[in-house]
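*Asks:* Coordinates for the following, if possible.
(2 chains)
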Amino acid sequence: MSVEGTRRLPRTLGAWRRDTSPIYQALFLAALLVLGSSFVAGFVESLRLFGLPPIHGDATILGRTLLERGEYATALDEFRLAGLIDPENYDARPQLDFSTARSAPGSAAQRGRTSLAAGRWVEAERALREALASDPQPELHDLLGFALYELGKREEAAQQFERARALRAPHAERTP
Amino acid sequence: MSSVAAAAPDSSHQFLPPARVFVNRPFDYLAIGGGLSLLVIVALALTGQLAAATPAATWIPFLVLASNSAHFAASSVRLYTKPGAFRQWPFLSMGLPLATLAVLGVGLLWPERIGWHLQALYLTWSPFHYAAQAFGLACMYHYRSGGTLGDIDRRLVFGTCMLPFVFAFLDARDSGLAWLLPAQVLAGQPLLEQAVRTSSVWVALLVFVTPLLLAARLYTKTGRGLPAISWLIIVTNGIWWIVFRFVDAFVWATVFHGLQYLAIVTIFHVKEQTAQPDNRRSPVAHAVAFYAMSLGLGYLLFYVWPFAYRLAGFGLAESMLLCAAVISIHHFIVDRYIWRLRTDSNYRVVTER
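*Replies:* Modelled structure (predicted):
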């Protein structure tokens, strides 16, 4: 800080003390302390969540990060709230890749995928439950989770994502 | 931003009188006039980089921080570095920050019932703020260049500047009229819905036609129009709200609106600080220090602060969105006061040579 700066700061603080009431000064300093410590805590929290400084993170990225980590219920809440508060600028739905699901032409799984693509969530849910009864592959659980999410059944959707994850886990462990 | 005063009148008849600029012509026309935004958007369109999924999108957050986030913080930095601010605006400088914190807390506690109203208020107010800034700057250059405006003409300039706001109010999907009149209400009234859509198209046309009519009126009635930079500011704001939105490139408008604000607020800050009797710093040092403070505060408020609420148990989505909403609303309110001219040192900055 320059010599001029070191002179001006005490004068500014003096004017602030003279112009404001003691009650306000106490409140202001308390708020400043809370704000300052929250900035430090916020920076640390962003490193914990993303491993990166906060400029790299937003609500949609956090939702995707949580999905990748398997924290489905929290991820869906993030997507839902972001989409609810600012639908124009934030993704309101998780963007998952369901293209790997096996589905024979005309099968229930195929009908489920077609219904999902067309946004017919109720039909998709029905067809995918039927498909899962005979072929419980994790990709179909993901698809069903997506349909349930779109129907507003977030808890059930999270359960389906968790089942998909559980089904994938043994395969992942056996992979050399 | 608004301005209501006049310097010494110039009686010469001119359709586009020369503007008396603050720094130099290229800087004033490109940064404050918004000319740079038009050049950049044309360059991006020609190189196919307008779409959000292009590589440019990876550095857009940094541009938004450097310009838009810093500009929101700059109004607070200017408020608290302005001599006598606590005495002149006790509620603005002391009560409003605490009130803002309280409102943010309420919004975070009930994001679905109250939070989204805050977001909608911010999104509704934002185009008004842009339009008011265009009006303030257009008048500022007119007065600075020796022009005057009668009450009626001033209202006409104000109305012309407000047209992009009216368009955004009618056209927005989650704010403006859509906030006050939900989609399900409009869906049941097809005639009303059609009327709103048609009106927004007509208003979009008026945004670009009205300045021509107003320019003709000003010249025929008073013999003197607004300087070219004033028209550039008015028309550029219309292009931001209509053309940029249409090509899905509105993020660039936020960047250039921030640049416009940062340029003018830094000029005012530097002129005020260098006029202090005990000043020893150079104008460049004042400008760099002011921008550094604004950039640092902008980063903390928009990018770091929401993570503290996340740590406290709130979702990051509502923390980020509602922090941004209340900081913006705080900025809109502060701007209503710190740019007044009649009883403020701003008047000297606008009129001095």
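*Asks:* Can you name the helix or strand that B:His257 falls in?
*Replies:* helix B:250-274 (DSSP states H and E).
*Asks:* next one: that helix to chain centre, how far?
*Replies:* Distance, stretch centre to chain centre, for helix B:250-274: 9 Å (CA atoms, centre = their mean, to the nearest Å).
*Asks:* so what secondary structure elements neighbour that helix?
*Replies:* helix B:35-46, helix B:60-64, helix B:70-81, helix B:116-144, helix B:283-299, helix B:346-351 (3 or more CB pairs under 8 Å, 6 or more residues apart in numbering or on different chains; DSSP states H and E). (Glycine included, C-beta is placed from N, CA and C.)
*Asks:* Tell me which of the ones you listed lies nearest to chain A.
*Replies:* Set against chain A and scored by CB to the nearest CB, those come closest in helix B:116-144, at 4.9 Å.
*Asks:* mind listing what's buried in that closest one?
*Replies:* Within helix B:116-144, the residues that qualify as buried are B:116, B:118-144, counting by 16 or more other CB atoms under 10 Å in any protein chain shown.
*Asks:* do you know how far B:Trp241 is from A:Glu88?
*Replies:* 14 Å (CB to CB, to the nearest Å).
*Asks:* ok, those two, which is more surrounded?
*Replies:* Shown here are B:Trp241 and A:Glu88; by other CB atoms under 10 Å in any protein chain shown, B:Trp241 has more neighbours (25 against 12).
*Asks:* Number of residues surrounding residue 150?
*Replies:* Since no chain was named, I'll use chain A. The burial count for A:Glu150: 18, using other CB under 10 Å.
*Asks:* um, chain B though
*Replies:* Counted with other CB under 10 Å, B:Gly150 comes out at 10.
*Asks:* Low-confidence ranges, chain A, go.
*Replies:* Within chain A, the stretches with pLDDT under 70 are A:1-9, A:12, A:91-104, A:169-176.
*Asks:* Can you point out the helix or strand that includes the most centrally placed residue in it?
*Replies:* Using CA atoms, centre = their mean, the residue of chain A that lies closest to the mean C-alpha position is A:Gly63, 2.2 Å off. Element membership for A:Gly63 (DSSP H and E) is helix A:59-69.
*Asks:* Buried residues in that helix, which are they?
*Replies:* For helix A:59-69, the neighbour count (16+ other CB under 10 Å) marks A:59-67 as buried.
*Asks:* next one: stretch B:95-115
*Replies:* Neighbour-count burial for stretch B:95-115 [16+ other CB under 10 Å]: B:96-97, B:103-104, B:107-108, B:111, B:115.
*Asks:* Stretch A:38-52 now?
*Replies:* A:38-39, A:41-43, A:45-46, A:49-50.
*Asks:* Pull the number of nearby residues for B:Thr47.
*Replies:* 10.
*Asks:* Quick one, grab the pLDDT at it.
*Replies:* Confidence at B:Thr47, expressed as pLDDT, is 82.
*Asks:* Grab the most central residue of chain B for me.
*Replies:* Mean-position check on chain B, CA atoms, centre = their mean. Result B:Tyr130 at 3.5 Å.
*Asks:* From B:Leu163, how far off is it?
*Replies:* 12 Å.
*Asks:* on contacts alone, who are the packing partners of the helix with the most length in chain A?
*Replies:* Counting residues, the longest helix found in chain A (DSSP state H) is helix A:22-50. Under the contact criterion of 3+ CB pairs under 8 Å, 6+ apart, helix A:22-50 touches helix A:59-69, helix B:96-109, helix B:305-311.
*Asks:* Using a markdown table, please lay out the ones you listed together with distance to B:Leu191.
*Replies:* Converted to a markdown table, these look like this (distance: least, CB to CB, whole Å):
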| stretch | distance to B:Leu191 |
| --- | --- |
| helix A:59-69 | 38 |
| helix B:96-109 | 35 |
| helix B:305-311 | 43 |
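*Asks:* quick one: which of the ones you listed is nearest B:Asn279?
*Replies:* Taking CB to CB, helix B:96-109 is the member of the helices and strands packed on helix A:22-50 nearest to B:Asn279, at 27.8 Å.
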